[in-house]
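>>> based on what follows, work out the 3D shape:
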Amino acid sequence: MKYSTDTIGRLYMLIAMILSGSIGYFALESQQVSANIVFVRCIIGALFLFGYVWIFKLYPDRADITFKTLLMLLVGGLTLVFNWLFLFESYKTLSIGITTVIYNTQPFILMILGAFLLKEKIKLESLILIVIAFIGLVIVVLGGDIQQSEVKVSGVINALVAATLYAISTIYTKKITKLKPTFIAMCHLCIGCVVFINFVDVDNFIANIPTGHNLIILGLVHTGFMYIFLYGAYEKSDISSLAIMSFVYPIVALSLDVIIYDLKLTHIEISGVIVILLSLITYNSINYIKGNMKNA
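Numbers count the residues shown, from 1 in each chain. Predicted coordinates for the structure are as follows:
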């Protein structure tokens, strides 16, 4: 039985989103400080993607490497790896599930940044969804144990900073049109290696070597293989047809949090999570419908 290219693309995206949803679990189980997790993930991921780029000859011509391209690679790489740092910190102070839900407000943050940095207009329906998502975020922060409010606010801020950095990385990465996505990802990881070698906590790393297999999985599976599936999905399917599947990421993370870490949310927190997820699903659904109408 033969499957269409679009169907294969959606399958790739599904795999990438499931893998993304389980990143928090392996990060926490490694028991490493966040800087160590980022560094090891960058090293293993960079080596894996270097081999992939070399085997499939995805490296660019010299003429495609300009000063402007190098600058965009640097900004995109720095914001990507520091986004991971804040994301892993949020996992530890908040929870995998709630962090991932907040982190997935990236499309809304991207629109806000686009309006301020690129003078792009935000459509009315998008503005309404941004406000709804923000209301959901406030509900999540205000819900639960008041004594934990400071810790919760810290986790929420870390998640929002991570999402903002990822959105900035997306803006600069999209400006690079002459390089293959996998090559760009490899460069970003190499930048991460150079930067985070200065922040490695050697004592913490040695003390938690018995759980080091979690870092290997994060580097190989959640960085190397996941990037290949993610970029493969974008090459085989329209972005609009893939956007609808992004909700899988937070659902997987929430499910793992409930099943493995026995996450218990108050009714107020649950309602806030639902509000955020509904705003995201609505946004992606609108893009999906518009994409189908253009292709019709």
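
>>> helices and strands around the helix or strand where residue 84 lies, which ones?
Here residue 84 is covered by helix 67-93, with elements defined by DSSP states H and E. Helix 67-93 sits against helix 23-29, helix 34-55, helix 96-103, helix 149-174, helix 181-196, with contacts defined as 3 or more CB pairs under 8 Å, 6 or more residues apart in numbering; DSSP states H and E. Using the backbone N, CA and C atoms, a C-beta is placed for each residue, glycine as well.

>>> now with 6 Å, please.
Judged by 3 or more CB pairs under 6 Å, 6 or more residues apart in numbering; DSSP states H and E, the packing partners of helix 67-93 are helix 23-29, helix 34-55, helix 149-174, helix 181-196.

>>> and these, which one averages the lowest pLDDT?
Comparing mean pLDDT across those, the weakest is helix 149-174, with a mean of 90.

>>> buried sites along that one?
Under the neighbour-count criterion of 16 or more other CB atoms under 10 Å, helix 149-174 has 152, 155-173 buried.

>>> please state the offset of that helix from the chain centre?
Its chain's C-alpha centre and that of helix 149-174 lie 10 Å apart, by CA atoms, centre = their mean, to the nearest Å.

>>> tell me the angle that helix makes with helix 181-196.
Interaxial angle, helix 149-174 versus helix 181-196 (axes from the mean of the first three to the mean of the last three CA atoms, to 10 degrees): 130 degrees.

>>> of all the helices and strands packed on helix 67-93, which one is nearest residue 14?
Closest to residue 14 of these is helix 23-29 (CB to CB; 15.7 Å).

>>> how far does the closest one sit from its chain's centre?
Averaging C-alpha positions (CA atoms, centre = their mean) puts helix 23-29 14 Å from its chain's average.

>>> how near is residue 228 to residue 45?
Separation of residue 228 from residue 45 (CB to CB, to the nearest Å): 11 Å.

>>> which one's more surrounded, those two?
Shown here are residue 228 and residue 45; by other CB atoms under 10 Å, residue 45 has more neighbours (27 against 20).

>>> give me every residue that touches that one.
189, 219, 223-224 (CB atoms under 6 Å, 6 or more residues apart in numbering).

>>> ok, the residue nearest to it when sequence neighbours are not counted - how many residues close by?
Spatially, and ignoring its direct neighbours in sequence, residue 45 is nearest to residue 223 (3.2 Å; CB to CB, 6 or more residues apart in numbering). Residues near residue 223, counting by other CB under 10 Å, number 25.

>>> so residue 223 sits against residue 41, correct?
Yes: contact criterion CB atoms under 6 Å: residue 223 and residue 41 qualify, at 5.4 Å.

>>> hang on, the earlier thing: what's the distance between the residue nearest to residue 45 and residue 42?
With distances taken as CB to CB, residue 223 is found 8 Å from residue 42.

>>> next one: residue 35
11 Å.

>>> higher neighbour count, the two?
residue 42 (26 against 21).

>>> wait, that one touches residue 192, no?
Yes: using CB under 6 Å, residue 42 is in contact with residue 192, at 3.5 Å.

>>> what's around the nearest residue to residue 101 once chain neighbours are set aside, how many residues?
Nearest residue to residue 101, sequence neighbours excluded (CB to CB, 6+ apart): residue 250, at 4.7 Å. Per other CB under 10 Å, the neighbour tally for residue 250 reads 26.

>>> which residues touch residue 250?
With CB under 6 Å, 6+ apart, residue 250 has these contacts: 100-101, 104.

>>> what angle separates the longest helix along the chain from helix 149-174?
Ordering each helix of the chain by length in residues (DSSP state H) puts helix 267-295 first. On the basis of the same axes, to 10 degrees, helix 267-295 is oriented at 10 degrees to helix 149-174.

>>> what angle sits between helix 267-295 and helix 96-103?
With the same axes, to 10 degrees applied, the angle from helix 267-295 to helix 96-103 works out at 50 degrees.

>>> quick one: the residue nearest to residue 45 from residue 32, how far?
Taken as CB to CB, the span from residue 223 to residue 32 is 15 Å.

>>> ok, back up a step: and the helices and strands packed on helix 67-93 as TSV, adding distance to residue 273?
Shown next, in TSV, are these (distance: least, CB to CB, whole Å):
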stretch	distance to residue 273
helix 23-29	15
helix 34-55	24
helix 149-174	12
helix 181-196	30
